[in-house]
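Student: mind looking at a prediction? Sequence and model below.
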Amino acid sequence: LHHILRPRPVRIPIKNRHVFVTGGSSGIGLALAHQAASDGARVSILARSVDKLQEAKQAIRLATGIDVGVFSADVRDYDAVARAVEEAGPIDVLIVNQGVFVPRELEQQELDEVRFMLDVNLMGTFNMIKAALPAMKLRRKDRGPASIALMSSQAGQVGIYGYTAYSASKFGLRGLAEALQQEVIADDIHVSLIFPPDTDTPGLAEENKIKPQITSIIAASSGAMKADEVAKKALSGIKSGSFIISCNLEGLLLAIVTAGFAPQRSLLMAFVEVVAAGITRFAALCFQWNWYDSIGKWHAQKK
Ligand SMILES: NC(=O)C1=CN([C@@H]2O[C@H](COP(=O)(O)OP(=O)(O)OC[C@H]3O[C@@H](n4cnc5c(N)ncnc54)[C@H](OP(=O)(O)O)[C@@H]3O)[C@@H](O)[C@H]2O)C=CC1
Ligand SMILES: CCCCCCCCCCCCCCCC(=O)[C@@H](N)CO
């Protein structure tokens, strides 16, 4: 098994390197920026609101004494993104984390809202990568291995009631990541996909105001995490070049049951994936049985 694992294991240092975090002014992105700065990286954050960016910059300076670079741009605007990336300078670790989520049954959801999620979560990620990649590839040999990490969600591993558009956008990131890894491996660039469960952030607080009750019930199967914990898992996964980064025990099981064609650098994880495939599939069927049961009861009680 060891001989067939591709790509080969890699370590991606953070210290003294340029880490660029989109959506870095709030929630998981802010926690990532904070921790990367503490790790000795030069950090840049990008988001739309200048006020929130300044607030984040102050908070990180207060806690660490370090100044992060701030860039105001909407990821949906390619020209704005390209200007920010140009100004920030060549990136070693690109974390594309911005994301929006408006949970609603598709029948209740306007197509504008569907397009909004696809545009920010999926097209915005394309815009970021397209803008950053040329400079990331330059002089790679002198600069060491680089990383492009994309923030998906456990709703990007399994479709969940209320998340038709959101899950589509997050599943889309997986196809993008698998294909991109093959394209950039020769440039010593390593792709990661991060799959958090519900995470306590300002975004989640907003989401909870409108979330269908059944969506919360199903998502509770994986519990909830703090943004700091997710950021810690994400950074350690990025440093070890993991293609799939899971954040909790349920996430580990999800990673095994959805391993599919994901590249795998870890011998141990490859072994576990092969051996545990059958039993985790059985566990997934049990979860579906439970979820469809809950959905049935929820509908019956609404009538
Ligand atoms: N919280 C959760 O439960 C989970 C979250 N995730 C994913 O993690 C990521 C971060 O989520 P979370 O921390 O909760 O989100 P928050 O809503 O707390 O923060 C989102 C960040 O993205 C920025 N952003 C939003 N839209 C754009 C845009 N169009 N252009 C540039 N920046 C933008 C926001 O700044 P501004 O508004 O100023 O632009 C903000 O900095 C998302 O991709 C989300 O899907 C995954 C699993 C669970
Ligand atoms: C084989 C065994 C599998 C075991 C567990 C399966 C549990 C799946 C739960 C999925 C939860 C999805 C949360 C999405 C959070 C999110 O992205 C929103 N908050 C928007 O930000």
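Tutor: Here it is on my side, so go on. Numbering: from 1, shown residues only. Ligands and ions are numbered 1, 2, ... in the order given.
Student: number of residues surrounding residue 110?
Tutor: Number of residues near residue 110 (other C-beta atoms under 10 Å) recorded here: 10. Every residue, glycine included, has its C-beta placed from N, CA and C.
Student: tell me the contacts of it?
Tutor: Shown in contact with residue 110 (C-beta atoms under 8 Å, 6 or more residues apart in numbering): no residues.
Student: do the same with the one 10 residues further on
Tutor: Applying C-beta under 8 Å, 6+ apart, we find residue 120 in contact with 75-76, 98-100.
Student: which residues of the stretch 1-150 of the chain lie near ligand 1?
Tutor: Residues of the stretch 1-150 of the chain lying near ligand 1 by C-beta under 6 Å from any ligand atom: 22-23, 25-29, 47-49, 52, 74-76, 97-101, 120, 124.
Student: as JSON lines, the contacts of residue 120 with secondary structure would be great.
Tutor: What follows is these, written out as JSON lines (DSSP: H, G, I helix; E, B strand; the rest coil):
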{"residue": "75", "secondary structure": "coil"}
{"residue": "76", "secondary structure": "coil"}
{"residue": "98", "secondary structure": "coil"}
{"residue": "99", "secondary structure": "coil"}
{"residue": "100", "secondary structure": "coil"}
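Student: ligand 1: which of those is nearest?
Tutor: Ligand 1 has its nearest neighbour among these in residue 99, at 2.0 Å by C-beta to the nearest ligand atom.
Student: surely the closest one is in contact with residue 122?
Tutor: No. Applying C-beta atoms under 8 Å as the test, residue 99 and residue 122 come out as separate, 9.8 Å apart.
Student: those two: which has the busier surroundings?
Tutor: residue 99 (26 against 19).
Student: now the more buried one: how far from residue 112?
Tutor: 17 Å (C-beta to C-beta, to the nearest Å).
Student: and the helix or strand where residue 94 lies, which strands flank it?
Tutor: Assessed by DSSP states H and E, residue 94 sits inside strand 93-96. Strand pairing for strand 93-96, using DSSP bridges, gives strand 18-22 (parallel), strand 146-151 (parallel).
Student: all strands of the chain, in order?
Tutor: Taking DSSP state E, the strands of the chain run over residues 18-22, 42-47, 69-72, 93-96, 146-151, 189-195, 198-200, 224-226, 244-246.
Student: pick out the residue of the stretch 201-303 of the chain closest to ligand 1.
Tutor: residue 203 (2.4 Å).
Student: hmm, back to that, can you list residues touching both of residue 99 and residue 122?
Tutor: Common neighbours of residue 99 and residue 122 (C-beta under 8 Å, 6+ apart) are residue 169.
Student: which stretch among the strands paired with strand 93-96 comes nearest ligand 2?
Tutor: Across the strands paired with strand 93-96, closest to ligand 2 is strand 146-151 (C-beta to the nearest ligand atom), at 9.3 Å.
Student: who touches stretch 129-136?
Tutor: Contacts of stretch 129-136 (C-beta under 8 Å, 6+ apart): 20, 78, 81-82, 84-86, 89-92, 94, 96, 146, 148, 180, 184, 187, 189.
Student: are any of these buried, and if so which?
Tutor: Neighbour-count burial (16 or more other C-beta atoms under 10 Å) applied to these gives 20, 78, 81-82, 84-85, 90-92, 94, 96, 146, 148, 180, 184, 189.
Student: ligand 2: which of those residues is nearest?
Tutor: Using C-beta to the nearest ligand atom, the buried ones among the contacts of stretch 129-136 come closest to ligand 2 at residue 96, 15.0 Å.
Student: which residues touch that closest one?
Tutor: Applying C-beta under 8 Å, 6+ apart, the residues near residue 96 are 22, 124-125, 128-129, 148-151.
Student: with residue 140 instead?
Tutor: By C-beta under 8 Å, 6+ apart, the contact list for residue 140 reads 146, 187-189.
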